[in-house]
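Participant: Below are the sequence and a predicted model; questions follow.
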Amino acid sequence: MKKSLLLSCLVLCSTATLAQTYKGITTCEFDYDGFKFCSKTNIQKYKNALATKKPNFDEQYILINVSSRSNIRYVALDTKTGIAYPLSDEIQGFKNSHGFLTGKPSSINYSLYNTDLCIEGSVSAYRNSYDNVKVCYSIQKDASSPYGKDFNRVNMPKEIND
């Protein structure tokens, strides 16, 4: 009984230490985008999340918004390696035909056991802005990334009629 209890404790303790400390980020700033993923404030957010939160996305990642509720900037934190994978797209709500936000927030779906982050709303990145679309993202292998992976679109944004 004592051996099984000790073995259970060792297994639980080892899984509890899976969360890493922050080790690095794939990119600090995307081209023609003024958002600073490597600011002192954001790096502290990564450290705090890795120390206090459990994975909530794709089994081993903590997905956090490091911006505001209306201009969402996601970063996926790998709890096994401590690497931060920022998403280049800024996520916003729905827009009218003049390009102004309507006040309807974007719909965002992800889970611990799903590899995709999917949104319905508007996304903006240099030369790649789309209004009122559905698009999904995932952590994907990328040989050009300094850590061998990046947080990228799974598909092209598809227009939705609101």
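Facilitator: Right, received. Where do you want to start?
Participant: buried set for the longest strand along the chain?
Facilitator: Longest strand in the chain, counting residues (DSSP state E): strand 130-141. For strand 130-141, burial by neighbour count (16 or more other CB atoms under 10 Å) applies to 130-133, 135-139. Every C-beta, even on glycine, is put in place using the N, C-alpha and C of the backbone.
Participant: Okay, now the sheet partners of that strand, with direction.
Facilitator: strand 117-124 (antiparallel), strand 149-153 (antiparallel), strand 158-159 (antiparallel) (DSSP bridges).
Participant: As a check, name the ranges of all helices in this structure.
Facilitator: 2-16, 40-52 (DSSP state H).
Participant: picking up where we left off before, the buried residues of strand 130-141 into JSON lines, with extra columns for distance to residue 63?
Facilitator: Shown next, in JSON lines, are these (distance: CB to CB, whole Å):
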{"residue": "130", "distance to residue 63": "21"}
{"residue": "131", "distance to residue 63": "23"}
{"residue": "132", "distance to residue 63": "23"}
{"residue": "133", "distance to residue 63": "20"}
{"residue": "135", "distance to residue 63": "16"}
{"residue": "136", "distance to residue 63": "13"}
{"residue": "137", "distance to residue 63": "10"}
{"residue": "138", "distance to residue 63": "11"}
{"residue": "139", "distance to residue 63": "10"}
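Participant: which of the residues you listed lies closest to residue 21?
Facilitator: Comparing the buried residues of strand 130-141 against residue 21 with CB to CB places residue 139 closest, at 19.4 Å.
Participant: Could you check how far the closest one is from residue 94?
Facilitator: 26 Å (CB to CB, to the nearest Å).
Participant: repeat for residue 70
Facilitator: With CB to CB as the criterion, residue 70 and residue 94 are 12 Å apart.
Participant: So which of the strands paired with strand 130-141 is nearest residue 37?
Facilitator: strand 149-153 (11.0 Å).
Participant: Mind listing what's buried along that closest one?
Facilitator: 149-153.
Participant: Residue 70 and residue 94 - which one has more neighbours?
Facilitator: Neighbours were counted for residue 70 and for residue 94 using other CB atoms under 10 Å; residue 94 has more, 19 against 12.
Participant: now the more buried one, nearest residue through space, not along the chain?
Facilitator: Using CB to CB, 6 or more residues apart in numbering and skipping residues adjacent in sequence, the residue nearest residue 94 is residue 104, 4.4 Å away.
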